[in-house]
Structures are given as C-alpha cells and as structure tokens.
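Chemist: Make a model of this:
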Amino acid sequence: MTSRPIATGLLVDMDGVLRRWDPQVSLTVEQRYELPPGTLARTAFTPSRVIPAITGEASHADWMSSVAEALGEPEAVVEWELYRGEVDPDVLGLVREARAAGIRTGLATNATDRLDADLALLDLVDELDVVINSSVIRVAKPAPGYFQAACAQLGIPPRQCLFVDDSERYVNGARAAGLSALRWSGPVDLPYVRAALGLATATSSPE
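Modeler: Now for the predicted structure:
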C-alpha cells in the first residue's frame, strides 16, 4: 500500500455526518397521515425526483411539490419538511479542530437550493471554509467532476485531501478521483480522521 502524505484538506458530508436526523420524526408524521413507515423518504428519494433537485435542474420547492403530488398528502410533506435535523457535535468539534490547525475544511454534499437556508438555521454558515453544493456546481457525488470541483474550491490537491462520508458509494467515488476517503460510522472514527489530518496519532489511518 502506497503511503499518503498527511492530509492538508478535509471534506465532510452533510447528511449522515455533519447533520444527523431523528428517524422518529418521519415515523410520527407517517403515522399521523396513515402512511406506511418509510413512505416519505422512499418517495422523495426516488432517483427521478431527487436527481434533478440535487443537480440544479429543479428547485427544492419543485422537488417537494412532486413528492406531495405523488403521495396525495401535501400536508404530510409540509410537516415532514419542518424538521431540519441536528448538528452532530462531535463532527463539528472535529471541523473546528481542523480549521484551528490550519487545515482547509469544506462541506461536500449533494444538496438542493435549500442548503444555504439550512446552514443558517443550524448556525453553520461560518464553520467551514467552503461549501460544495451539487445543485450549484450541477454535478453530484460520486461523479469524478464533483470531487475535482470540490478539491479545486478547497484549494487542495486530491492526494492531500481527506473525504468523509457515510455512503460507501461516494467514498469509492472519492477514492477513484484520487482522494483519501473514509466511510463514516460515527464518533468511533474520530481517532482515524485526526490521525490522517496529523492532529493525533493512531495505529492506522484511512486508505
């Protein structure tokens, strides 16, 4: 295995990494409107609906309208949308630690045009050096072009950049684009990330 230099750039995913979601919220809405468990997410994230929204071809509002139309329950979608998740304090602490050490840090996410509003709501606007939103650059993870654009905006060569995501597919895409990448499984991974960034020592680090 070829050794990599200490990463001088960090890219973290939004949903599932920096932001976490309480699944009970969706279940409660679905129960109230007598929808089978998982219906809201399954309907919203059907590729034909979500891909246009995360590549800038459709607005977030248009996406949610299509979900409401498919379900026939617009009130359920409105209520579902009120909850915007919660910041993971462990990941935010890591981001702050990395930035304090001079490591360029960015948010690398497939998102809609609602992302800026969510960042403001969650008090994350000033917590990152750059935000790479797929709907703005009009290409989504795991396409190579997404990671090229992310590294360019971060100002760090791919080989010196660490990408952290909870999706194995996106992690593999980042590795194929030349980045070091780790599939996030929770705070247990913090020592490895810190080691890859030169913030701490550990017995091993992400490949």
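Chemist: Let me see the domain layout of this structure.
Modeler: 9-20+86-196, 23-82 (automatic domain parsing).
Chemist: would TSV of those domains with mean neighbour count and mean pLDDT be doable?
Modeler: Yep, even glycine has a C-beta here, placed from its N, CA and C like the rest. Converted to TSV, the domains of the chain look like this (neighbours: other C-beta atoms under 10 Å; pLDDT from 0 to 100):
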stretch	mean neighbour count	mean pLDDT
domain 9-20+86-196	19	97
domain 23-82	16	97
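Chemist: Most distant residue from the centre of the protein?
Modeler: Glu34 (30.1 Å; C-alpha atoms, centre = their mean).
Chemist: contacting residues around that residue?
Modeler: With contact set as C-beta atoms under 8 Å, 6 or more residues apart in numbering, Glu34 has no partners.
Chemist: what about it, which helix or strand?
Modeler: Following DSSP states H and E, there is no helix or strand that holds Glu34.
Chemist: Distance of it relative to Glu73?
Modeler: Using C-beta to C-beta, to the nearest Å, we find Glu34 at a distance of 9 Å from Glu73.
Chemist: Please apply the same query to Glu81.
Modeler: For Glu81, the distance to Glu73 - C-beta to C-beta - is 12 Å.
Chemist: which residues in the protein form helices?
Modeler: Along the chain, counting by DSSP state H, helices occupy 23-32, 39-44, 47-54, 60-71, 74-82, 89-100, 115-121, 134-137, 144-154, 168-176, 190-196.
Chemist: contacting residues for Glu75?
Modeler: Counting by C-beta under 8 Å, 6+ apart, Glu75 has contacts Tyr33.
Chemist: quick revisit: between the helices of the chain, which one is closest to Leu11.
Modeler: helix 144-154 (5.7 Å; C-beta to C-beta).
Chemist: The closest one - contacts with which helices or strands?
Modeler: Helix 144-154 makes packing contacts with strand 9-12, strand 104-109, strand 130-133, helix 134-137, strand 161-165, helix 168-176 when contacts are defined by 3 or more C-beta pairs under 8 Å, 6 or more residues apart in numbering; DSSP states H and E.
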